[in-house]
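Participant: based on what follows, work out the 3D shape:
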Amino acid sequence: RTVLELRLKLPPEIAVYLPEGAAEIQRMVANYMRAQAGMLALTGRAWLGALLFAYVGLIIGGLAAVAHARGPRRPLSEELHQRITMFGQAFGQIVAAQFWIAAFNTLLTAIFLLVLMPLWGPHLPYTPALITLTFVAGLVPIVGNLVCNAVITLVALSVSPVTAAACLAFLILIHKAEYVINAKVVGSRTQMSVWEL
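Facilitator: Predicted structure coming up:
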């Protein structure tokens, strides 16, 4: 629906490149999937391999976390144990910091979408879903922000190009500020300087 609304609002010379209806969108997606079937199969295989490696890594990490030494450890074993312990502590601190950063980012986005945008004039559709997406995507560093920016800007583009530009400028501003805040928070929790992160 957003794409079809956008087609009506864009100049005709640009709108001609967008699909005319839902059936055409489905046909375009089906043709693209058919053309990319081989690549999708390879990508699926790569993802499956990565999931397998991650699963094996989780098992090894879990075994290392619960393994208890029966007596004094040898030097290599002691160093490995210390590294795994430090990595686990740092990872836990980074996950906790990312949660608070995602919550802060969601709060700013909610204020923008629910207060500032209606004061300015336009109201974005799907605002509750966009706020929820901001939090969920914000739990994934960097990539989550990019996905969130793209979705909110596309929805704002269905309202008007000026609204989309305003949303994109605001989102870039708060997400770039979030990188600095992220580095400060995570750095203070892990005793690392900002440049190291």
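
Participant: excluding chain neighbours, what is closest to the most centrally placed residue in the chain?
Facilitator: By C-alpha atoms, centre = their mean, the chain has its centre lying nearest to residue 144, at 1.0 Å. Distances taken as C-beta to C-beta, 6 or more residues apart in numbering place residue 137 nearest to residue 144, at 3.6 Å, with adjacent residues excluded. To be clear about C-beta, it is placed using only N, CA and C from the backbone, and glycine gets the same treatment.

Participant: which SSE is the one you found in?
Facilitator: helix 127-138 (DSSP states H and E).

Participant: what is the mean pLDDT for the helix or strand following that helix?
Facilitator: Following helix 127-138 in sequence order, the next helix or strand is helix 143-159 (DSSP H and E). Helix 143-159 comes out with an average pLDDT of 87.

Participant: send me helix 143-159 as PDB with only the CA atoms.
Facilitator: Extracted C-alpha coordinates of helix 143-159, given in PDB (Å, rounded to 0.1, in the frame of the first residue of the first chain):
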ATOM      1  CA  VAL A 143      22.800  -3.000  11.100                       C
ATOM      2  CA  GLY A 144      19.600  -2.600  13.200                       C
ATOM      3  CA  ASN A 145      19.900   1.100  12.900                       C
ATOM      4  CA  LEU A 146      20.300   1.000   9.200                       C
ATOM      5  CA  VAL A 147      17.200  -1.300   8.800                       C
ATOM      6  CA  CYS A 148      15.200   0.900  11.100                       C
ATOM      7  CA  ASN A 149      16.300   4.100   9.200                       C
ATOM      8  CA  ALA A 150      15.300   2.600   5.800                       C
ATOM      9  CA  VAL A 151      11.900   1.400   7.000                       C
ATOM     10  CA  ILE A 152      10.900   4.600   8.700                       C
ATOM     11  CA  THR A 153      12.200   6.700   5.800                       C
ATOM     12  CA  LEU A 154      10.200   4.600   3.300                       C
ATOM     13  CA  VAL A 155       7.000   4.900   5.400                       C
ATOM     14  CA  ALA A 156       7.600   8.700   5.600                       C
ATOM     15  CA  LEU A 157       8.100   8.800   1.900                       C
ATOM     16  CA  SER A 158       4.600   7.600   1.500                       C
ATOM     17  CA  VAL A 159       3.500  10.800   3.300                       C
END
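
Participant: which strands and helices sit next to whichever helix or strand comes after that helix?
Facilitator: Scanning forward in sequence from helix 143-159 by DSSP H and E, the next helix or strand is helix 161-190. In this structure, helix 161-190 makes packing contacts with helix 75-111, helix 117-120, helix 143-159, judged by 3 or more C-beta pairs under 8 Å, 6 or more residues apart in numbering; DSSP states H and E.

Participant: so where is the chain shaky, pLDDT-wise?
Facilitator: For the chain, applying pLDDT under 70 flags the ranges 1-4, 21-22, 65-69, 189-190, 197.

Participant: let me know the outermost residue of it.
Facilitator: residue 71 (44.8 Å).
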